[in-house]
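1. structure of the sequence below:
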Amino acid sequence: MMKYIIEKEDEGVRLDRYLRKKLKSTPLTEIFKAMRIGKIKVNNKKKKENYRLLEGDKVFIGLEVDEEDIKEEPFVKLSLAEKEELKKGIVFENEDIIIFNKKKDVVMHKGSGYDYGISEMFKSYFKDNNFNFVNRIDRKTSGLVIGAKNKISTRILTEEIRENNIKKKYYVLVHGIIQKEKFIIDNYLKKVEDSVVVTTKDDPEGKEAITIFRTLKHGKNITLLEAELITGRTHQLRVQLSNMGNPIIGDTRYGKKDDEKSLYLNSFYCEIPKYDIKVELPISKYFEIRLEK
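-> Residues are numbered from 1 along each chain as shown. Got it, this is the predicted structure:
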């Protein structure tokens, strides 16, 4: 039997989420069954999966668990150059949070053929497996992502994102000339397998997606937009702009095959009112070069 005493940083976490982290290779159905029949208890009592842990709670796990299952993830080995690259990309840091400027074509997490991403690199950089990025952007997207250095700030920031309290803006280069100075897209999106499609308000799987767009500059049959996310749906900007007939340059999934090597989508502004943090980046060089073509 394993026994864990809940520390302050895990207070408020749902029991099932806590157990999933501790029992990485145990199927979720087995974890739920163990809670139901009393093989997993909190303070010697059966608890439901949505029970929120309190500091000082004693969690007893009476399952046969492989040693490997409860070991912390080993840190990836970072070269001096990689450490310097991470340090250089940090545009804001305090004791709880970092804001990192991710380059295009860099992955956030391991998987899909990548042994590690910047998430695993930062765990190693800080020598702390509690480090987490609370938002993510696609491999081809560049710009600002928010990292939490501990479980408490992870939980607070995740909640802020869920409540749409964190303000994010993107630079976007799209095909075609858009004349409107400012426009709003308010529609409904839903996931279908590994893509996202526009749907209707009546679709029970549809989620409202709202973006405020401002036209900044025109190039040769292209337009530079500023996009302010009011909601944060998966692939929101890519799908909305493709749907209006102005796909993002370099978007091979929702756009057109334009032989572009880069996706012209850059997260340049991040504001976290709860922590009084505001970060803004200048427009990326590769955007300026493409505008002049």
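2. just the strands in this protein please.
-> 2-5, 40-42, 58-61, 90-93, 97-102, 132-133, 142-148, 167-175, 182-192, 195-199, 207-218, 222-229, 265-272, 277-280 (DSSP state E).
3. from these, which stretch is densest packed?
-> Ranked by mean neighbour count, the strands of the chain are led by strand 142-148 with a mean of 24 (mean count of other C-beta atoms under 10 Å). (Glycine included, C-beta is placed from N, CA and C.)
4. just the CA coordinates for that one, please, in CSV.
-> C-alpha atoms of strand 142-148 as CSV (Å, rounded to 0.1, in the frame of the first residue of the first chain):
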residue,chain,number,x,y,z
SER,A,142,5.4,31.3,-33.0
GLY,A,143,5.2,33.6,-30.0
LEU,A,144,4.3,33.9,-26.3
VAL,A,145,3.4,30.9,-24.1
ILE,A,146,2.8,31.0,-20.3
GLY,A,147,4.7,28.6,-18.0
ALA,A,148,3.9,27.9,-14.4
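5. list the neighbouring strands of that strand plus their orientation.
-> Strand 142-148 sits in its sheet next to strand 97-102 (antiparallel), strand 132-133 (antiparallel), strand 265-272 (parallel), going by DSSP bridges.
6. ok, longest helix in the chain?
-> Identified as the longest helix of the chain according to DSSP state H is helix 151-162.
7. relative to Lys3, how far out is Asn44?
-> From Asn44 across to Lys3, the span is 11 Å (C-beta to C-beta, to the nearest Å).
8. return the residues in contact with Glu208.
-> Asp186, Asn187, Tyr188, Lys201, Thr231 (C-beta atoms under 8 Å, 6 or more residues apart in numbering).
9. the strands of the chain: which one's closest to Glu84?
-> strand 90-93 (11.2 Å; C-beta to C-beta).
10. what touches both of Asn44 and Lys3?
-> Joint contacts of Asn44 and Lys3 (C-beta under 8 Å, 6+ apart) are Lys58, Phe60.
11. which stretch in the strands paired with strand 142-148 has the least confidence?
-> Of all those, strand 132-133 carries the lowest average pLDDT, namely a mean of 94.
12. quick one: it to chain centroid distance?
-> With C-alpha atoms, centre = their mean, to the nearest Å as the basis, strand 132-133 stands 8 Å off its chain's centre.
13. just to revisit the earlier point, would you mind giving the strands paired with strand 142-148 as CSV with distance to Ile248 added?
-> Putting these into CSV (distance: least, C-beta to C-beta, whole Å) gives the following:
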stretch, distance to Ile248
strand 97-102, 17
strand 132-133, 22
strand 265-272, 6
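14. so which of those strands is nearest Asp251?
-> Between the strands paired with strand 142-148, strand 265-272 lies closest to Asp251; by C-beta to C-beta that is 7.7 Å.
15. quick one: that closest one to strand 167-175, angle?
-> Put simply, strand 265-272 runs at 170 degrees to strand 167-175, going by axes from the mean of the first three to the mean of the last three C-alpha atoms, to 10 degrees.
16. quick one: contacts of strand 265-272?
-> Residues contacting strand 265-272 (C-beta under 8 Å, 6+ apart): 97, 99, 137, 140-146, 157, 160, 165-172, 237-238, 248, 250-251, 277-284, 287.
17. 7 Å instead, please
-> For strand 265-272, contacts defined as C-beta atoms under 7 Å, 6 or more residues apart in numbering pick out 99, 137, 141-144, 146, 160, 166-172, 237, 248, 277-281, 284, 287.
18. select, out of the strands of the chain, the one closest to Asp258.
-> strand 167-175 (7.3 Å).
19. from the chain's centroid, how far away is the closest one?
-> On C-alpha atoms, centre = their mean, the centre of strand 167-175 falls 17 Å from the chain's centre.
20. isn't Val172 up against Ile222?
-> No - the pair Val172 / Ile222 is not scored as a contact, 10.5 Å apart, by C-beta atoms under 7 Å.
21. how does this protein divide into domains?
-> Split into domains by automatic domain parsing, the chain comes to 2-70, 80-162, 167-292.
22. so what's the gap between the shortest one and the chain middle?
-> Translated: domain 2-70. Using C-alpha atoms, centre = their mean, the offset of domain 2-70 from its chain centre is 25 Å.
23. repeat that for the last one.
-> Relative to the mean C-alpha coordinate of its chain, domain 167-292 is positioned 16 Å out (C-alpha atoms, centre = their mean).
24. measure it end to end?
-> Using C-alpha to C-alpha, to the nearest Å, one end of domain 167-292 lies 29 Å from the other.
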